[in-house]
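1. Quick one: sequence and predicted model below, then my questions.
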Amino acid sequence: MFSPEGPSLRELAVQALSSVERGYDLLAPKFDHTPFRTPDSVLDAVGTALRRMGPFGTGLDLCCGTGAGVGTLARVCERGVVGVDFSAGMLDVARRRVRPSAGGPALSWVRADARALPFGPAFDVVVSFGAFGHFLPAELPGLFAQVRSVLRPGGRFVFPVVAPPRPASRAYWALLGFDVAMRVRNAVWRPPFVMYYRTFALGEVRRELARAGFAVELYALPEFGHRRDGSPRVRTVAARRLP
């Protein structure tokens, strides 16, 4: 599950008993060697979908971590890309690892909470990779409203959604066990550490995006195939900001 360059069990335990912000500051130097980082295969597939929608002028990577998604955005944005995260440690790693290319867009990094973004409607596209596990379902309306507030009219909010595992499958029980462990941890220890690996139902996501003022389109990512019922294993959600 973890490479030899990844964190030790002791380091993970210290992280899990910290706040979310402090935990990611501690994990940052080794984050790219954990399964928590979005796989390159997902980044590449979403990048392909973005190229079909773009090009864009300016882009924002929401909860950018160590900057992998910023690199994806930089290939489809012409003027500038911003990575925003509330972990100073993750941003420090991102600044070192993701450099602007000759002739590419300007890159900048901002430390901020996704629930209170310090921008006006300045972006043509916002992406997010693997961040929703840090937000409880009740927080989604506020999060989507924040994203809408930083998009220009007609701008897009794009993110991948993985189909939920089949009930009773090994993956189903693994994710359920992780969520239960996090709930117990947060019931007995402070500060809370919000990181759940539940898969949000597409219907729920579409409803909340529509309420926030988006028109939602779905695109299958064929690179990941289909489930037994014929539905895509992974989709890209492309939510267009309405006027």
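-> Looks like it came in fine.
2. G120 and R152 touch, don't they?
-> No: using CB atoms under 8 Å, G120 is not in contact with R152; the gap is 9.5 Å. The way it works is simple: take the backbone N, C-alpha and C, and place the C-beta from them, glycine included.
3. So which of these two has more stuff around it?
-> Between G120 and R152, counted using other CB atoms under 10 Å, R152 has the larger neighbour count: 15 against 9.
4. Now that one: closest residue in space that isn't a chain neighbour?
-> P121 (5.1 Å; CB to CB, 6 or more residues apart in numbering).
5. Please give the element, helix or strand, for the one you found.
-> Counting by DSSP states H and E, there is no helix or strand that carries P121.
6. Do you have the strands of this structure handy? List them.
-> Listed in chain order, the strands of the chain (DSSP state E) span 56-62, 77-85, 106-111, 123-128, 151-162, 214-220, 234-241.
7. With distance to S41 and mean pLDDT as extra columns, can I get those strands in CSV?
-> Shown next, in CSV, are the strands of the chain (distance: least, CB to CB, whole Å; pLDDT from 0 to 100):
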stretch, distance to S41, mean pLDDT
strand 56-62, 18, 98
strand 77-85, 21, 98
strand 106-111, 23, 98
strand 123-128, 16, 98
strand 151-162, 11, 96
strand 214-220, 15, 96
strand 234-241, 9, 96
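8. export those to a markdown table and tack on distance to G69?
-> Output for these, formatted as a markdown table (distance: least, CB to CB, whole Å):
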| stretch | distance to G69 |
| --- | --- |
| strand 56-62 | 4 |
| strand 77-85 | 8 |
| strand 106-111 | 12 |
| strand 123-128 | 6 |
| strand 151-162 | 10 |
| strand 214-220 | 17 |
| strand 234-241 | 13 |
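9. Minimum distance to R99: which of those strands has it?
-> strand 106-111 (7.6 Å; CB to CB).
10. Can you tell me which helices and strands the closest one packs against?
-> Where contact means 3 or more CB pairs under 8 Å, 6 or more residues apart in numbering; DSSP states H and E, strand 106-111 is packed against strand 77-85, helix 88-97.
11. what helices or strands is the first one leaning on?
-> For strand 77-85, the elements it packs on are strand 56-62, helix 68-74, helix 88-97, strand 106-111, strand 123-128, judged by 3+ CB pairs under 8 Å, 6+ apart.
12. Dump these to a markdown table, plus distance to T48 and mean neighbour count.
-> What follows is the helices and strands packed on strand 77-85, written out as a markdown table (distance: least, CB to CB, whole Å; neighbours: other CB atoms under 10 Å):
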| stretch | distance to T48 | mean neighbour count |
| --- | --- | --- |
| strand 56-62 | 15 | 24 |
| helix 68-74 | 10 | 26 |
| helix 88-97 | 22 | 18 |
| strand 106-111 | 21 | 16 |
| strand 123-128 | 13 | 25 |
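13. Looking at these, which is nearest to P39?
-> P39 lies closest, by CB to CB, to one member of the helices and strands packed on strand 77-85: helix 68-74, at 9.3 Å.
14. May I have that closest one as CSV, with CA atoms only?
-> Output in CSV follows, covering the C-alpha atoms of helix 68-74 (Å, rounded to 0.1, in the frame of the first residue of the first chain):
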residue,chain,number,x,y,z
ALA,A,68,-0.2,17.3,-9.0
GLY,A,69,-3.5,18.8,-10.3
VAL,A,70,-1.8,22.1,-10.9
GLY,A,71,0.4,20.4,-13.4
THR,A,72,-2.7,19.0,-15.1
LEU,A,73,-4.3,22.4,-15.3
ALA,A,74,-1.1,24.1,-16.6
